[in-house]
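Undergrad: pasting the sequence and the predicted model now:
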Amino acid sequence: MIVRISGEGQYRLDDSEKEPLNELEKTAAASVEGGDEAGFAAAFASLLDHIRSHGVLLGDADLEGSDVIVPPADISFQEAGEDFTGEGLIPD
Amino acid sequence: MAGLSGRMSTVVKAKVSKLLDRAEDPAETLDYSYQKQVEQLQNVKKGIADVVTAKKRLQMQESSLQQSVVKLDTQARQALASGHEDLARTALERKNVAQTELQTLDGQVNELEDQQQKLTDSEQKLRAKIEAFRTKKEVIKAQYSAAEAQVRISEAATGVGEQMADVGLAMQRAVDKTENMRARADAVSELEAAGTFDDITQLGSGEDDIDRQLKQLSSQPAVDDELTKMKSELGAGTAPEAPQIAAGEGKPASESDPA
């Protein structure tokens, strides 16, 4: 699957990464709901790190669409409140 | 996160399919898509230019404030040396305000710098994708039947559309930030226009409106500290009869008592 980190680029990840990504996203979303800003920053950073370290960056000229788009790395806690709501990262 | 991811991909897909509905002829669709992409790339460039303009405005304010800080500092020293402590205090209060504004501006310039860099990177990716699309559209025109071509076009256009949406998001965030900063820059301009950082030698002896406002704005302890420091510097430099400390009670702090 292809995951885009908004404002950064697209990464190709193995489909088996779906589960760990969903887990990391749940942690981040829980921090947002609990109003835990520091917790969110840490959880969101590990989500992004996971994507970067387990994925292969696509070339600029690659024309494939992404399966998932995650918010930019410098997202504010307030913006996160608007984005991390509803169903998970990759709905079943 | 389904919020953003879901929302964004829906927007991209909606745009792409709208585009594809426009023409039955794949060649026409391809050329039209490409033309639209190039137009949008121009808009992105304009957007980046706006961020650069906003940054330049802040930088100009910065250098003008820096000059004010130097000027007011010099004037405070001069006023103190000629025994006008109240005037020196006024100058230092103004300097304090100017310095606070400078710090804020500095942070904002850095932030805009950051935004500009991100937008430029994103624009570069978009340009690469549009260029890839241009090549691909010729291949599609030459190699595929009309039915097959629709699928390929849709795939290729999605890639460009998604990058476009990503630049759009980055642009929106940059615009939001610049608008906040514009408000701040306007506030500094108003202070400047009100004469806040003007030459204090042009002041009358009485306290004016600006001074009363400044006293509220500037941090008094900081001004007091600086005044004390400046006094001791001036004292050390100009008073020839200074080496009397040994005779005193060992409390040099009493120097700051009002004479």
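TA: Cool, got the structure.
Undergrad: low-confidence stretches in the stretch 1-150 of chain B?
TA: Scanning the stretch 1-150 of chain B for pLDDT under 70 picks out B:1-24.
Undergrad: show me where it has its helices.
TA: Secondary structure of the stretch 1-150 of chain B by DSSP state H, counting those that start in this stretch: the helices cover B:2-22, B:26-81, B:85-143, B:146-193.
Undergrad: same for the second one, what does it pack against?
TA: So the one you mean is helix B:26-81. Counting contacts by 3 or more C-beta pairs under 8 Å, 6 or more residues apart in numbering or on different chains; DSSP states H and E, helix B:26-81 is packed against helix B:2-22, helix B:85-143, helix B:146-193, helix B:220-238. Using the backbone N, CA and C atoms, a C-beta is placed for each residue, glycine as well.
Undergrad: now render these as a markdown table, adding mean neighbour count and distance to residue A:29.
TA: Below are those laid out as a markdown table (neighbours: other C-beta atoms under 10 Å in any protein chain shown; distance: least, C-beta to C-beta, whole Å):
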| stretch | mean neighbour count | distance to residue A:29 |
| --- | --- | --- |
| helix B:2-22 | 16 | 10 |
| helix B:85-143 | 18 | 25 |
| helix B:146-193 | 18 | 20 |
| helix B:220-238 | 14 | 43 |
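Undergrad: how about those helices in a markdown table, adding distance to chain A?
TA: Listed next are the helices and strands packed on helix B:26-81 as a markdown table, based on distance: least, C-beta to the nearest C-beta, whole Å:
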| stretch | distance to chain A |
| --- | --- |
| helix B:2-22 | 4 |
| helix B:85-143 | 4 |
| helix B:146-193 | 3 |
| helix B:220-238 | 30 |
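Undergrad: between those helices, which one is closest to residue A:2.
TA: With C-beta to C-beta, the closest approach to residue A:2 among the helices and strands packed on helix B:26-81 belongs to helix B:146-193: 9.7 Å.
Undergrad: before we move on, back to that, now distance to residue A:13 too, for the helices of the stretch 1-150 of chain B, in JSON lines please.
TA: Shown next, in JSON lines, are these (distance: least, C-beta to C-beta, whole Å):
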{"stretch": "helix B:2-22", "distance to residue A:13": "14"}
{"stretch": "helix B:26-81", "distance to residue A:13": "27"}
{"stretch": "helix B:85-143", "distance to residue A:13": "19"}
{"stretch": "helix B:146-193", "distance to residue A:13": "16"}
